[in-house]
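Peer 1: How does the following fold in three dimensions:
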Amino acid sequence: MSASPRVAGVSRPNQLKRPVGRPRSVVRRSPIIRPQPIYNQFTRIGGSLTPTQVSLIIQEADTGNIYRLVDLANEARQKDCHLQALLGTRETALIGLRWAVDPVSTEKADIEVADFVKAALKAATGRGQESRSFVDLIGHLSGAVFYGYSSSEIEWQKSGSQLTIAGFRNVSHRRFEYRQEDGKLVWRDQNSGLGSGIDLQSTYPDLFIQHQPRITGDVMAREGLVRVLMWAALFRNWAIADWLRLAELAWKPWRMGKYKPDASDEDISDLYNALEELTSNGVGVFSDRAEIEVEWPQRGRGGKPEHAELAEFVAAEMSKAVLGQTLTIEQGERGARSLGEVHDRVRKDIRELDAISVAGTVMRDIIEPLVRLNFGADVELPPFFFITDDTVDIGALSRAVEGLVRAGVKLKQDWVRDKFGAPDPEPDDDICLGKEVLMAGEGEYIPLNVQFRGEVEDGNDGDGDEGDGSAADEKPPDEGSDGGTEGDKKSYIHRFNRRD
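Peer 2: Numbering: from 1, shown residues only. As a prediction, the model looks like this:
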């Protein structure tokens, strides 16, 4: 068997065993967490925020009541294009990866279990607005990097004698809190009267997926990037808002009115109103007791405004927090494509960690009950993993392998097949062979159009082994048979023994 590709996932979590449940106990017609009216789905925080207000919201979240912090995080994401781009990149990184479910052995029963799990996940396409697909679930679970957690309800269904998955009902992050007495994540809608909340996984076994990755290493109630990104988003929002207010005045003339020392309050008020009319309409009526001056602002001295530098600095800090680097989002003043590619590898390390974390949750909360409820608790779980290797340029790799082989470099066929993603051929498989190899199989010597310096070695490679009929065991034709000169001889593909 060829070596498997580098993957991120869980190898063999056979320790995950639970008592066999009744399949009918998890099949429900209506969701446990039902949809809310739209006026209960979010709270508008507002745009005129101060550091004191943000600090109070974070302090409230530290007590376990996190719904206002979630609302603030969602608003910040909708107002800041850069923040949305960063989080979108992080959350969709796993969606673009291929995933696989491998059997734990070559036994027919293990292969059947792996094929069943793979088919069940692919068939979990959701039911429109009622539930979402497995692909959407991966994106939802990846959002735990921002909020610190993600939860989804499994929609089970009967398919003949088997129990499969119709889709997943992703639950809004604001519908949870951390319980005061033990810091556990529980479901508790605001104004729902649920008291201390409900631990969904213990109350409703096999029905909920709960993903809580390690991001900052703090206690669970303070996990996720939401706090650090909220401060950065606030500072960036201030810089851009102040810059826009400055830009609004930048290319408008300065209107200055002068009034006589003996002018009345009414005269001063009329002058002020006339200046405002001049700003908006370009027309103003003034008393002969008033003096009007209009000046246009001078052009800047060049260089970036301080507001732009502050906004870009904060954006770079946000990029570091989410992606681990900056150059895959913005090139920067001294950036380059090559530097971006180097930094991109740092982001791939983070992506692989996300892949391992999400794969572990999928194994624990989806595949384990799926296998147990259909095959029993004693069946070993087939590992689920994401394939994190980059796509191979087959054409470039083919040319490289051919050149190395012609140069005399010995390459294992298993390694080459692994790089191409091709399986080992079985004894009865039809094999694709090139024209030269086919002709060699008929007993002919076929010269290649590649010349080299030196003598062609015979089949003895120095280890004392006798020939086995392979290409290396055969000798080429006599030196002068093809007109070759001494020291400049053509290489040959040797005869292959034909199988009966």
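Peer 1: Could you list the buried residues of the helix or strand harbouring V113?
Peer 2: Per DSSP states H and E: V113 is located in helix 108-123. Across helix 108-123, burial judged by 16 or more other C-beta atoms under 10 Å covers D110, V113, A114, F116, V117, K118, A120, L121. Using the backbone N, CA and C atoms, a C-beta is placed for each residue, glycine as well.
Peer 1: residues making contact with that helix?
Peer 2: 100-104, 134, 162, 164-165, 366-367, 370-371, 374-375, 379-380, 382, 384 (C-beta atoms under 8 Å, 6 or more residues apart in numbering).
Peer 1: follow-up on the earlier one: so which of the buried residues of helix 108-123 is the closest to T63?
Peer 2: Compare each of those with T63 using C-beta to C-beta and the shortest gap goes to L121, at 38.2 Å.
Peer 1: Okay, angle between whichever strand or helix holds V371 and helix 108-123 too, please.
Peer 2: Element membership for V371, per DSSP H and E: helix 368-375. Compare the direction of helix 368-375 with that of helix 108-123 by axes from the mean of the first three to the mean of the last three C-alpha atoms, to 10 degrees and you get 120 degrees.
Peer 1: picking up where we left off before, I66: which of the buried residues of helix 108-123 is nearest?
Peer 2: Of all these, the one with the least separation from I66 (C-beta to C-beta) is L121, at 30.5 Å.
Peer 1: pLDDT below threshold where in the stretch 301-450 of the chain?
Peer 2: Applying pLDDT under 70 to the predicted model, the residue ranges of the stretch 301-450 of the chain that meet it are 301-305, 326-346, 390-391, 433-450.
Peer 1: Dump the buried residues of helix 108-123 into JSON lines; add distance to I95 as well.
Peer 2: Compiled in JSON lines, those are given as follows (distance: C-beta to C-beta, whole Å):
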{"residue": "D110", "distance to I95": "28"}
{"residue": "V113", "distance to I95": "26"}
{"residue": "A114", "distance to I95": "22"}
{"residue": "F116", "distance to I95": "23"}
{"residue": "V117", "distance to I95": "19"}
{"residue": "K118", "distance to I95": "17"}
{"residue": "A120", "distance to I95": "19"}
{"residue": "L121", "distance to I95": "14"}
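Peer 1: now, among those residues, which is nearest to N65?
Peer 2: Sorting these by distance to N65 puts L121 at the head of the list, at 35.3 Å, by C-beta to C-beta.
Peer 1: any idea how far R364 is from the closest one?
Peer 2: When distance is defined by C-beta to C-beta, to the nearest Å, L121 is 15 Å away from R364.
Peer 1: same deal with E91?
Peer 2: 21 Å.
Peer 1: Hmm, R174 and Q36 touching each other?
Peer 2: No: the pair formed by Q36 and R174 falls short of the contact definition of C-beta atoms under 8 Å, at 9.8 Å.
Peer 1: Give me the more crowded residue out of those two.
Peer 2: Counting neighbours by other C-beta atoms under 10 Å for Q36 and for R174 shows that R174 has the greater number, 22 against 15.
Peer 1: Look up how far F208 lies from the more buried one.
Peer 2: Applying C-beta to C-beta, one obtains 17 Å for the distance of R174 from F208.
Peer 1: Next: S133.
Peer 2: Computed as C-beta to C-beta, the S133 to F208 distance reads 18 Å.
Peer 1: Looking at the two, which one has more neighbours?
Peer 2: Here S133 and F208 are set side by side on neighbour count (other C-beta under 10 Å), and the busier one is F208, at 22 against 17.
Peer 1: who's in contact with the residue lying closest to that one once chain neighbours are set aside?
Peer 2: Among residues not flanking F208 along the chain, L200 sits closest, at 4.3 Å (C-beta to C-beta, 6 or more residues apart in numbering). When contacts are counted by C-beta under 8 Å, 6+ apart, L200 touches I32, S151, V186, W187, L207, F208, Q210.
Peer 1: Check the gap between L200 and L185 for me.
Peer 2: When distance is defined by C-beta to C-beta, L200 is 9 Å away from L185.
Peer 1: L381: what secondary structure?
Peer 2: Following DSSP: H, G, I helix; E, B strand; the rest coil, we place L381 in the coil state.
Peer 1: what's around it, how many residues?
Peer 2: When counting by other C-beta under 10 Å, one arrives at 25 neighbours for L381.
Peer 1: How about R132?
Peer 2: With neighbours defined by other C-beta under 10 Å, the count for R132 comes to 21.
Peer 1: Could you pull up the contacting residues of it?
Peer 2: By C-beta under 8 Å, 6+ apart, the contact set of R132 is G126, H140, G167, F168, R169, N170.
Peer 1: Any chance of the residues you listed in JSON lines with neighbour count and pLDDT as columns?
Peer 2: As requested, these are exported to JSON lines (neighbours: other C-beta atoms under 10 Å; pLDDT from 0 to 100):
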{"residue": "G126", "neighbour count": "20", "pLDDT": "91"}
{"residue": "H140", "neighbour count": "20", "pLDDT": "95"}
{"residue": "G167", "neighbour count": "24", "pLDDT": "94"}
{"residue": "F168", "neighbour count": "24", "pLDDT": "96"}
{"residue": "R169", "neighbour count": "24", "pLDDT": "95"}
{"residue": "N170", "neighbour count": "20", "pLDDT": "94"}
